[in-house]
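1. sequence and predicted model, in that order:
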Amino acid sequence: MKAQTSRLYHDVEFLTTINPARNYLNLSSLEKVVGYIQQEFKQCGAAPGTQTWQAEGREYKNILASYNPDKSRRLIVGAHYDVCGDQPGADDNASAVAGLLELARLVFAQQPALGYRIDFVAYCLEEPPFYATELMGSYVHAKSLHEHKVDVMGMICLEMIGYFSEKPDSQPFPSPELAELYPHVANFIIVVGIAQYEDFNRKVHQLMSDGSAIDVQVISFPAAHGLAGMSDHRNYWKFGYPALMINDTSFIRNPHYHMPTDTIGTLDFEKMTEVVNSTYRAITNML
């Protein structure tokens, strides 16, 4: 059983047509997302839960679903569902929420025999003005794991997995050094982590790459700042958990980043489907 492109499209279509935009100010829109994710988790056969917290006097929610809940070791797979400002957020981050839901569907449908638990988590408040604060949904979640002394084997963050191009020199670079190391056509996905957890990064990269129909690259930055930690995985590092991001290089590649033009028509759902297939192989073969 493979990921279904039509389901990914349907998820992104739902998320990007919510009005007003699903940003931190529009609680009714965020609640529509919560209801949709809960419904999809339930249809998988999961029993979704919520984690709530307050920010600036408003209540926000993470949505969680667990596979193999009787196992003590956990792999966290997450993606944020909020957007920055008034824009549809197709790549950032409806693409990743769709990927998260499809991974859950595949895992619950195929029932792989695993020696660990997988927690699928949809976060709120990844975007400004709460980015890089302790009010991020991923910080709230990571802190709760630490407080409960949960045995976390690692965290995989899906962040912008849908924008690709086959045009020559379509992949820009932030430095000449990186331009020497990576492809110049924007048709790859990349595993992004830090050197402290290089073993984890390489393991996920290898599992994703084996038999993949999409090119999977990897980078381990020397430190947890700058481009290394620009999504929810950053908060797991703070509690000593291995964590990484699966990403299409974000604003480096995608000219629609945080713009009203980040629409569903800019995404490549065939490649996105292969990202999900590759990620499925990784999350079900970690031991």
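-> Perfect, thanks for sending it. Numbering: from 1, shown residues only.
2. alpha carbons only for contacts and neighbour counts from here, please
-> Noted.
3. so where does Glu270 fall, helix or strand?
-> Following DSSP states H and E, one finds Glu270 within helix 269-283.
4. that helix: which residues count as buried?
-> Along helix 269-283, these residues count as buried under the neighbour rule (16 or more other C-alpha atoms under 10 Å): 269, 271-283.
5. just checking, what packs against the longest helix along the chain?
-> Identified as the longest helix of the chain according to DSSP state H is helix 27-44. Contacts defined by 3 or more C-alpha pairs under 8 Å, 6 or more residues apart in numbering; DSSP states H and E place helix 27-44 against strand 58-67, helix 96-110.
6. what's the first helix or strand after the longest one?
-> Helices and strands here follow DSSP H and E; after helix 96-110, the next one along the chain is strand 117-123.
7. strands of the stretch 151-287 of the chain, start to end?
-> 151-159, 188-194, 215-221, 243-247 (DSSP state E, counting those that start in this stretch).
8. now, of these, which is deepest in the fold?
-> Mean neighbour count, computed with mean count of other C-alpha atoms under 10 Å, is highest for strand 243-247 among the strands of the stretch 151-287 of the chain, reaching a mean of 27.
9. helices or strands up against that strand?
-> Against strand 243-247 (3+ C-alpha pairs under 8 Å, 6+ apart) you get strand 151-159, strand 188-194, helix 198-209, helix 234-237.
10. out of the ones you listed, which comes closest to Leu25?
-> strand 151-159 (21.5 Å; C-alpha to C-alpha).
11. distance from that closest one to the middle of the chain?
-> Strand 151-159 sits 10 Å away from the centroid of its parent chain (C-alpha atoms, centre = their mean, to the nearest Å).
12. got the angle for that strand vs helix 198-209?
-> 60 degrees (axes from the mean of the first three to the mean of the last three C-alpha atoms, to 10 degrees).
13. strand 151-159 - what's its average pLDDT?
-> Across strand 151-159, pLDDT averages out at 98.
14. any buried residues in stretch 114-132, and which?
-> Buried residues in stretch 114-132, counted by 16+ other C-alpha under 10 Å: 115-127, 131-132.
15. packing partners of the helix or strand hosting Leu145?
-> Here Leu145 sits within helix 137-147, counting by DSSP H and E. Judged by 3+ C-alpha pairs under 8 Å, 6+ apart, helix 137-147 is in contact with helix 234-237.
16. residues contacting the helix it packs on, please?
-> Outside helix 234-237, the residues within contact range by C-alpha atoms under 8 Å, 6 or more residues apart in numbering are 138-139, 142, 155, 224, 242-243.
17. please apply the same query to stretch 174-186.
-> Under C-alpha under 8 Å, 6+ apart, the answer for stretch 174-186 is 164-173, 217, 252-253.
18. and that stretch, end to end?
-> 14 Å (C-alpha to C-alpha, to the nearest Å).
19. thinking again about what came up before, now the buried residues of helix 269-283 in CSV, with pLDDT and distance to Arg22?
-> Shown next, in CSV, are the buried residues of helix 269-283 (pLDDT from 0 to 100; distance: C-alpha to C-alpha, whole Å):
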residue, pLDDT, distance to Arg22
Phe269, 98, 22
Lys271, 98, 25
Met272, 98, 22
Thr273, 98, 24
Glu274, 98, 27
Val275, 98, 25
Val276, 98, 24
Asn277, 98, 27
Ser278, 98, 28
Thr279, 98, 26
Tyr280, 98, 27
Arg281, 98, 31
Ala282, 98, 30
Ile283, 98, 28
